[in-house]
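Novice: here is a sequence together with a model predicted from it:
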Amino acid sequence: MTVDEELNVLETQLRRLKIEYEIFFSNPQKRPPTDIEWKVLSLLRKFSDGARMSFSQRFRYTEIAQRYAVYSDLWRKKSRIREEGYRRPQDAILSVQGVRPEEHTVEHKTYGLSHASTVDADGAPFVMHCADPGKEGENVEKLFMALSAAKEKAGEQVSGSLSSFKSFVEKKTREIRKQHGCPQVEYSVEVQDGKVKLRARAKL
């Protein structure tokens, strides 16, 4: 089985795991889907070093691992509430609806991956400075991941590919640098009124 095929299996198993956990939390008699989660964790561990993967495969793996980290954190909180009982009204809401975007933060990393976050430790927006996107692929990838993660947490649809996003950043960077004569462009991922915004500013 090729790496792409195994990543397809991983993605399919994660979708199945999410569905099974939804069934588990809605049915008091249901047992947690530990067998499926074990399969997901095994595949995540298998590719955690990224040695066998190309850049695009590594990016795809990271996105899947990040999604699992978000889900796992939510499932852990909901399981704790289920075991301890609904002590507060908002706990009952959490059990049914999940964590609201402004309440939820990923409390752990998955297998050594450093996941892009929309905010830093001080609560500031994710910020990236860019002069030449064509030579700063890793920074553009982090920006794309931060934007995708913010949209997912806010319940917005994540659309577009990494390659199309890179083309957009390259074009926007050229336009802003030409217009303002600046050496760099500052990109930031911000959440305002529940909506995710990608902002680009001249960095003088």
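Specialist: Perfect, I can see it now. Treat the numbers as computed from the prediction; the structure is a model and nothing was measured.
Novice: quick one: low-confidence ranges for this protein?
Specialist: The chain contains residues with pLDDT under 70 at 28-29, 50, 84-124, 158-160.
Novice: isn't residue 166 right next to residue 135, touching?
Specialist: No. Using C-beta atoms under 8 Å, residue 166 makes no contact with residue 135, being 11.5 Å away. The C-beta positions use only the backbone N, C-alpha and C, and glycine is treated the same way.
Novice: more crowded one of these two?
Specialist: More crowded of residue 166 and residue 135, by other C-beta atoms under 10 Å: residue 166, with 18 against 10.
Novice: leaving out chain neighbours, which residue sits closest to the more buried one?
Specialist: Once flanking residues are discounted, residue 166 sits nearest to residue 140: 5.4 Å by C-beta to C-beta, 6 or more residues apart in numbering.
Novice: now do the contacts for the one you found.
Specialist: Contacts for residue 140 (C-beta atoms under 8 Å, 6 or more residues apart in numbering) come out as 128, 130, 133, 165-166, 169.
Novice: export those residues to JSON lines and tack on distance to residue 73?
Specialist: Listed next are the contacts of residue 140 as JSON lines, based on distance: C-beta to C-beta, whole Å:
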{"residue": "128", "distance to residue 73": "25"}
{"residue": "130", "distance to residue 73": "30"}
{"residue": "133", "distance to residue 73": "32"}
{"residue": "165", "distance to residue 73": "26"}
{"residue": "166", "distance to residue 73": "29"}
{"residue": "169", "distance to residue 73": "29"}
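Novice: for stretch 6-26, list the C-alpha coordinates in CSV.
Specialist: The C-alpha trace of stretch 6-26 is given here as CSV (Å, rounded to 0.1, in the frame of the first residue of the first chain):
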residue,chain,number,x,y,z
GLU,A,6,-2.5,4.7,3.7
LEU,A,7,-3.4,8.4,4.3
ASN,A,8,-6.7,7.7,2.6
VAL,A,9,-7.3,4.9,5.1
LEU,A,10,-6.3,7.2,7.9
GLU,A,11,-8.7,9.9,6.8
THR,A,12,-11.6,7.4,6.3
GLN,A,13,-10.9,5.9,9.8
LEU,A,14,-10.9,9.3,11.4
ARG,A,15,-14.3,10.2,9.8
ARG,A,16,-15.7,6.9,11.0
LEU,A,17,-14.2,7.5,14.5
LYS,A,18,-15.9,10.9,14.6
ILE,A,19,-19.3,9.3,13.7
GLU,A,20,-18.8,6.5,16.3
TYR,A,21,-18.0,9.0,19.0
GLU,A,22,-21.2,11.0,18.2
ILE,A,23,-23.2,7.8,18.5
PHE,A,24,-21.4,7.0,21.8
PHE,A,25,-22.2,10.4,23.4
SER,A,26,-25.9,10.2,22.3
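Novice: now that stretch: buried residues?
Specialist: 6-7, 10-11, 13-14, 17-18, 20-21, 24-25 (16 or more other C-beta atoms under 10 Å).
Novice: relative to residue 184, which of those is nearest.
Specialist: Set against residue 184, the nearest of the buried residues of stretch 6-26 by C-beta to C-beta is residue 7 (34.4 Å).
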